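1. pasting the structure only:
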């Protein structure tokens, strides 16, 4: 079955590639095969200080997406 995956805005630029690598692997069912360590590449310095696919969020960073907003987006999309 064809699948179209769309993104939104509000990203932290250095995390976009991480996000899409993981989301694409998740859609393909191969996310458990991903290595958490990012491979050597010409842009590795942009992923610092974490050169890993997954890392913990900053403890003082709040999730500004309310349940009401997420429900609205889901309802509107479906």
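-> Received the coordinates, thanks. What you see is a predicted model; the values in this text were computed from it and never measured. Residues are numbered from 1 along each chain as shown.
2. can you list contacts of the lowest-mean-pLDDT helix or strand in the chain?
-> Every helix and strand of the chain was ranked by mean pLDDT, DSSP states H and E. The lowest is helix 13-28, at a mean of 88. Residues from elsewhere that reach helix 13-28, judged by CB atoms under 8 Å, 6 or more residues apart in numbering: 3, 5, 7, 11, 31, 33, 34, 46, 47, 53, 54. No exception for glycine: its C-beta is placed from N, CA and C like everyone else's.
3. Could you tell me how many residues sit around the fourth one?
-> Around residue 11 there are 13 other residues, counting by other CB atoms under 10 Å.
4. And it, how close does it get to residue 17?
-> Relative to residue 17, residue 11 is positioned 10 Å away (CB to CB, to the nearest Å).
5. Also the second one?
-> Taken as CB to CB, the spacing of residue 5 relative to residue 17 amounts to 15 Å.
6. Much appreciated, bye for now.
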